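Visitor: the following block contains a protein sequence and its predicted model.
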Amino acid sequence: MPIAQDLFSLQGKSVLLTGATAGLGRRFAETLSEAGAKVAIVGRRAALLAEIAEKNPGCVPVQADLAQPSIVPDVVARATEAVGAIDVLVNNAAYIAGGVRAEDETPEDIDTTLNVNLVSPIRLAQAVFPAMKERGRGSIINVTSIVARAGIARFPQATYAASKGGLEAITREWAAQWARHGIRVNAIAPGFFESEMTSQVIHHEKVQNWILDNTLIPRHGTAADFDGALLYLASDASGYVTGQTLVVDGGWTAH
């Protein structure tokens, strides 16, 4: 096998991917499966999970709502039964109460945002840790956001930003604590890209002009733009990389 293909191959790897039915999740499921991984795809919508699994033979549905962190041990148990001991955890699930000013966020929205975006990822990492430690290897990938490091008032999302900032910070701390066990922990921080969540607004002229004014690469992102970052961090290609956040934002945060 050519060196490049071998480096980025996930053949024989077992992956637990959350947030698999929307946003980047569906593309992540397809990309991981095509790279040879067995993927436990976690999401709330059973019908969409089944559709993804039907089109991607390497994917196995695990229906769950991560707004309830107490279900995490069951999620990991079902995922492990479906695909084997987890080699790669991708914490991609996210909730955002979009467009709500900071002063108007409800206690319910705050709790849900923190549970889905931060508490459940923490518990998922804790749950896969023992098996990764026992085997002396593992990769954890947290999907954060550029709002973890830059205020963007045009789309109010205060608690979402806090949750993603926390996830970015714990990426470094997990990396520092778990490197001696062979576990690498990194993050992907997306900028503005087209998704189920943004499709209603991203093509508006004013939004496009705003993105072009603030992005070095003159366009918004697409789900396909994250394939390389995901495969790099999930595979042996990044075997000497940990505690890092790979920002995929077209240069938004570079200036």
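Guide: Alright, I've got the coordinates. Treat the numbers as computed from the prediction; the structure is a model and nothing was measured. Numbering: from 1, shown residues only.

Visitor: show me where this structure has strands.
Guide: 14-17, 38-43, 59-63, 88-91, 138-143, 183-190, 245-248 (DSSP state E).

Visitor: tell me, how many neighbours does the closest residue to Asn117 other than its chain neighbours end up with?
Guide: Leaving aside its sequence neighbours, Asn117 sits nearest to Ser163 (Cβ to Cβ, 6 or more residues apart in numbering; 3.6 Å). To be clear about C-beta, it is placed using only N, CA and C from the backbone, and glycine gets the same treatment. Other residues lying near Ser163 total 27 when counted by other Cβ atoms under 10 Å.

Visitor: hmm, Ser163 is touching Thr113, no?
Guide: Yes. Between Ser163 and Thr113 a contact is recorded at 5.5 Å, counting by Cβ atoms under 8 Å.

Visitor: about what we covered before: tell me the contacts of the residue nearest to Asn117?
Guide: Thr113, Leu114, Val116, Asn117, Leu118 (Cβ atoms under 8 Å, 6 or more residues apart in numbering).

Visitor: what pLDDT does the nearest residue to Val147 once chain neighbours are set aside get?
Guide: The shortest distance from Val147 to any non-neighbouring residue, by Cβ to Cβ, 6+ apart, is to Ala161 (4.1 Å). For Ala161, the pLDDT comes out at 93.

Visitor: how much space separates Ala161 from Phe193?
Guide: Relative to Phe193, Ala161 is positioned 17 Å away (Cβ to Cβ, to the nearest Å).

Visitor: and if you look at Ala179?
Guide: Here Ala179 is placed at a distance of 30 Å from Phe193 (Cβ to Cβ).

Visitor: do the same with Ile152
Guide: 14 Å.

Visitor: more neighbours: which of the two?
Guide: Comparing Ile152 with Phe193 by neighbour count (other Cβ under 10 Å), the higher total belongs to Phe193, at 22 against 15.

Visitor: correct me, but the more buried one touches Ile217?
Guide: No. Counting by Cβ under 8 Å, Phe193 stays clear of Ile217, with 11.7 Å between them.

Visitor: what is the least confident helix or strand in this structure?
Guide: For the chain, counting by mean pLDDT, DSSP states H and E, helix 3-8 ranks last in confidence among helices and strands (a mean of 76).

Visitor: residues contacting the residue nearest to Ser9 when sequence neighbours are not counted?
Guide: Closest residue in space to Ser9, ignoring its immediate chain neighbours: Gly36 at 5.6 Å, by Cβ to Cβ, 6+ apart. By Cβ under 8 Å, 6+ apart, the contact set of Gly36 is Ser9, Leu10, Gln11, Gly12, Lys13, Gly58.

Visitor: and Ala93, by the same measure?
Guide: Ala93 neighbours (Cβ under 8 Å, 6+ apart): Thr18, Gly19, Gly25, Val42, Gly43, Leu66, Val116, Asn117, Ser120, Pro121.

Visitor: again, but for Ala35
Guide: Phe8, Ser9, Leu10, Gln11, Leu231, Ala234, Ser235.

Visitor: can you give me the distance of it to Ala237?
Guide: Counting by Cβ to Cβ - Ala35 and Ala237 are separated by 11 Å.
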